[in-house]
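1. Build me a model:
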Amino acid sequence: MAIRGSGSCTLLTLTPSIRVKRGIAIFATLSPPRNDSTVNWVDATSGFFDKDSRPIMLFDGVCNLCNGGVRFVRDNDRNRRIRYEALQSKAGRKLLRRSGRAPDDISSVVLVERDRSHIKSEAVLKIMEYIDLPFPQLAFFLQFVPLFLRDFVYDNVANNRYIIFGRSESCEIYYD
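-> Numbers count the residues shown, from 1 in each chain. As a prediction, this is how the structure comes out:
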């Protein structure tokens with residue numbers, strides 16, 4: 001959880017709860033702001049796009065659903081228009097920061113393009129635009145579903161992905 005104040009983001013850390021007579025009281029403490037604000041993550045990760053301009057799909061490397069999704073995209077991407085990187089990898093963590101997300105945030109698939117990033121259902125639709133027919137056409141029609149509804153469905157699946165689909169012991173690596 002974060003509190004925004006005067007142009008910076010302050011991390012709110014919850015301490016263990018203390019039981020009181022009629023319920024639970026939760027105390028919060030403020031952590032000092034992170035010192036990584038001096039790093040321009042777009043410049044720091046521009047090397048990922050110097051020789052290869054294809055977008056990078058960041059995925060949860062130990063999630064069976066996510067690994068299945070990467071296999072599905074690879075099978076339907078005959079022209080190899082997308083690259084893949086696990087969110088947990090060193091490169092994945094840097095690209096998460098480039099996308100304005102915490103480096104340990106594995107809650108969403110992220111599609112990182114040279115000049116912007118997409119998360120949640122927007123990332124899924126954008127990925128569908130890159131792969132073979134009929135998925136670009138399907139993405140076109142799904143864009144008319146309101147974002148809050150698409151992200152509601154996405155969040156419910158993402159929050160239960162380990163329970164429903166399980167997790168693997170290690171990340172499957174996908175090379176081109």
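2. Can you read off the pLDDT for residue 173?
-> Note for residue 173: predicted pLDDT of 62.
3. swap that for residue 39, please
-> Residue 39 is assigned 83 on the pLDDT scale.
4. For it, which non-adjacent residue is closest in space?
-> Using C-beta to C-beta, 6 or more residues apart in numbering and skipping the chain neighbours, the partner closest in space to residue 39 is residue 97 (7.6 Å). Backbone N, C-alpha and C define where each C-beta goes, glycine included.
5. Report the mean per-residue pLDDT for whichever strand or helix holds that neighbour.
-> Using DSSP states H and E, residue 97 maps to helix 90-98. Mean pLDDT, helix 90-98: 94.
6. Buried residues, it. List them.
-> The neighbour-count check on helix 90-98 (16 or more other C-beta atoms under 10 Å) flags 92, 93, 94, 95, 96, 97, 98 as buried.
7. if I read this right, the third one contacts residue 47, doesn't it?
-> Which is residue 94. No - in this structure residue 94 lies outside contact range of residue 47 using C-beta atoms under 8 Å: 9.8 Å.
8. picking up where we left off before, what packs against the next helix or strand after the helix holding residue 97?
-> Downstream of helix 90-98, the next assigned helix or strand under DSSP H and E is strand 110-112. Packed against strand 110-112 by the contact rule (3 or more C-beta pairs under 8 Å, 6 or more residues apart in numbering; DSSP states H and E) you find strand 56-59, helix 90-98, strand 117-119, helix 120-130.
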